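>>> Would you be able to build a 3D model of this:
(2 chains)
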Protein chains: 2
Amino acid sequence: MSISEFDLIDRYVAGATAGRDDVALGIGDDCALLRPPPGQILAVSVDTLVAGRHFFPNVDPESLGHKSLAVNLSDLAAMGATPAWATLALTMPTADEHWLEAFMAGFSALAAEHRVQLVGGDTTRGPLSVSVQVHGFVAAEAALRRSGGQIGDWLFVSGTLGDAALALRQVHDGEVGRVQKQRLERPIPRVALGILLRRFASAAIDVSDGLVSDLGHLCHASGVGACLALSNLPLSNAVATACANGDWELPLAGGDDYELLFSVPPDRVGAMRAACAEAGHRVSAVGRFIDDSGIRLIYPDGNESKEVPGGFDHFRD
Amino acid sequence: MSISEFDLIDRYVAGATAGRDDVALGIGDDCALLRPPPGQILAVSVDTLVAGRHFFPNVDPESLGHKSLAVNLSDLAAMGATPAWATLALTMPTADEHWLEAFMAGFSALAAEHRVQLVGGDTTRGPLSVSVQVHGFVAAEAALRRSGGQIGDWLFVSGTLGDAALALRQVHDGEVGRVQKQRLERPIPRVALGILLRRFASAAIDVSDGLVSDLGHLCHASGVGACLALSNLPLSNAVATACANGDWELPLAGGDDYELLFSVPPDRVGAMRAACAEAGHRVSAVGRFIDDSGIRLIYPDGNESKEVPGGFDHFRD
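Sure thing, here's the model as predicted:
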């Protein structure tokens, strides 16, 4: 390999995304210079994906480029923020041009969908890992914090749950379904839904660690408990089949769903449902905040339990 | 190891730095919420340090915490920006509490010096690496871009050059000098100097890849050439000894100096020198921008050369 870091960045990274008017200076100086819009608050989030931990080392690089931005846009969505800028810290074992070109193609296609400009980054050599930071805007009073939930608010979740986790199981078994592969490798950040929910939701989070784990964060921040009606969980046919056999781990603790979990006060539910239907967002009522501690799971047969499979934790063996 | 990612963050990361009034929401939600000051532009930079590449895997974690923030603050300094917020993406092989506590102590001490609040991050498991992003402010017209240099501007450098590179050599030879170890492991970002230079400098960069390499970036961005008078380079006694033996690689191509290299129009040099002297910043005139291509090195014996040792490049073997 003789291509230099500077050549790599010039060739594949610097011009990878379209320019925005609020970027005074992009890639190529000591810092990027950015103009946040007056009257808005800046929302930032950073997520790292590590080879062998968050993805298979031989993953399709285009999908990885997509996912590394998607998981971050999902955090902006959970805040109700409009995406604007991203930075990329990419560590690669070798300067593999074909790999980088494909990675950036996946990254850039998703960036274009959301008008995100890549404004800075660092390319280093080492074990494969990708750290992306995103920046978005939201009016301070409209931001969807985790802490705004009230007892009696209804809990909703977007899309379907458990397919990414099912994909991981299927990898071990040998054959991965098309839908599941797509959900694992190319999650769709619910950015437009997050922006719509500014008008309705009392609290929100994205489901990355698993439904029960992330609901636990919402409950903790809002100082409430919750009940979940498992019969109401939105499931694909494949995941529903597993659950019908009594195995609820996929939708409850699978993780990597990148759907939004949010609470809505009872008097806003009708308007929220109408707005979502009009915009084409699938949302399902899955439970309520209650005056209790912890999370009560109500199984389809009427049994209740507080015993839940644990969510994903990077440091738990 | 049974401590979870959430426990680690709660215990060692979330409260590691003091709060700022412009942080509406710090660590603990999907995004941090930040209020940029009106009328200023946002400067952002991200740098990754990878074990075995940028530091020895057995490095003192407190020093690594310092350095991971310092190299980023150095980029803000090179832009003339005032530091404000940081995020930390930390990948560690195991949840080692003692290591993390020491790392955060080093990070936090430097953050406190510069009133930087840690507002977000991600802690993941994998091969040790640290990616920090910093955010600062500067008036748009005052930002020190690389591209503002003019033919005839004087070139200055802060501090001394080559000691970090000498430390790396000394590691191989067995004994590292105190000064060199300090320069390698705990570089001092020239933040106050960068802010002062808003009033004087036409262009600036921080010396991280090596003097000649980084001067090349300045020349390229400004569309000028440069001459460097090697007899004027600011050197410690140890580095000067190496140079006296004809070995100029340390100050010219060593890298990891984190000093500022900047250009000043002739009619501003006097005022800049006076301001630096008053504030206690050591700066040395090392050359000028010239109407030529490339960089001319003028050796103490009067010989000239365009042959220079190459700067550090992560992907060049």
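>>> now the helices: where do they sit in chain A?
With DSSP state H as the criterion, chain A has helices at A:5-8, A:61-79, A:97-113, A:163-173, A:178-185, A:191-197, A:211-222, A:237-244, A:249-253, A:269-279.
>>> Put together CSV for those, with mean neighbour count and mean pLDDT on each row.
Bear in mind the C-beta positions are built from the backbone N, C-alpha and C, glycine included. Listed next are those as CSV, based on neighbours: other C-beta atoms under 10 Å in any protein chain shown; pLDDT from 0 to 100:
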stretch, mean neighbour count, mean pLDDT
helix A:5-8, 19, 70
helix A:61-79, 26, 97
helix A:97-113, 19, 95
helix A:163-173, 18, 91
helix A:178-185, 19, 92
helix A:191-197, 23, 98
helix A:211-222, 22, 95
helix A:237-244, 16, 94
helix A:249-253, 24, 94
helix A:269-279, 14, 98
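>>> Quick one: name the residues of the stretch 51-200 of chain A near chain B.
A:51-54, A:75-76, A:78-79, A:81, A:85, A:87, A:89, A:91, A:94-95, A:119-127, A:129, A:131, A:133, A:135-136, A:138, A:140, A:143, A:145-147 (C-beta under 8 Å from any C-beta of the partner chain).
>>> Emit the PyMOL select command for whichever of those are buried.
To isolate the buried subset of these in PyMOL, counting by 16 or more other C-beta atoms under 10 Å in any protein chain shown, use the following:
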select buried, chain A and resi 51+54+75+76+78+79+81+85+87+89+91+95+119+120+121+122+123+124+125+126+127+129+131+133+135+136+138+143+145+146
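>>> how about the helices of chain A, which one is nearest B:F107?
B:F107 lies closest to helix A:61-79 among the helices of chain A, at 22.3 Å (C-beta to C-beta).
>>> If you count contacts, what does that closest one end up packed against?
strand A:41-50, strand A:82-92, helix A:97-113, strand A:129-138, helix A:178-185, helix A:191-197, strand A:203-207 (3 or more C-beta pairs under 8 Å, 6 or more residues apart in numbering or on different chains; DSSP states H and E).
>>> now those as TSV including distance to B:D22?
Converted to TSV, those look like this (distance: least, C-beta to C-beta, whole Å):
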stretch	distance to B:D22
strand A:41-50	10
strand A:82-92	18
helix A:97-113	27
strand A:129-138	15
helix A:178-185	38
helix A:191-197	24
strand A:203-207	23
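>>> wait, which of the ones you listed is closest to B:C243?
B:C243 lies closest to strand A:82-92 among the helices and strands packed on helix A:61-79, at 34.0 Å (C-beta to C-beta).
>>> hang on, the earlier thing: out of the helices of chain A, flag the one nearest B:S231.
The nearest among the helices of chain A, by C-beta to C-beta, is helix A:5-8 at 29.5 Å.
>>> Which among the helices and strands packed on helix A:61-79 is found nearest to B:A102?
strand A:41-50 (21.0 Å).
>>> I'd like to know how many residues surround A:T48.
26 (other C-beta atoms under 10 Å in any protein chain shown).
>>> Same check on A:L230?
19.
>>> Quick check: it touching A:L297?
Yes. Because the distance of 6.1 Å satisfies C-beta atoms under 8 Å, A:L230 is recorded as touching A:L297.
>>> Do any residues in stretch A:286-306 lie close to chain B?
No. Shown here: stretch A:286-306 not in contact with chain B (C-beta under 8 Å from any C-beta), separated by at least 15.8 Å.
>>> In CSV, could you pull the C-alpha coordinates for that stretch?
What follows is stretch A:286-306, C-alpha atoms only, in CSV (Å, rounded to 0.1, in the frame of the first residue of the first chain):
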residue,chain,number,x,y,z
VAL,A,286,-47.6,-1.1,23.3
GLY,A,287,-48.2,0.0,26.9
ARG,A,288,-48.5,2.9,29.4
PHE,A,289,-46.6,4.6,32.0
ILE,A,290,-47.8,3.6,35.5
ASP,A,291,-47.4,4.6,39.1
ASP,A,292,-45.1,1.7,40.0
SER,A,293,-41.4,0.9,39.9
GLY,A,294,-40.0,-1.3,37.1
ILE,A,295,-41.7,-2.7,34.1
ARG,A,296,-44.6,-5.2,34.1
LEU,A,297,-44.9,-7.5,31.1
ILE,A,298,-48.4,-8.7,30.3
TYR,A,299,-48.2,-11.9,28.2
PRO,A,300,-50.9,-12.7,25.7
ASP,A,301,-52.3,-15.4,28.0
GLY,A,302,-52.9,-12.8,30.7
ASN,A,303,-49.9,-13.8,32.9
GLU,A,304,-47.8,-11.0,34.3
SER,A,305,-44.1,-10.9,35.0
LYS,A,306,-41.4,-8.6,36.0
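>>> Perfect, I'm done here.
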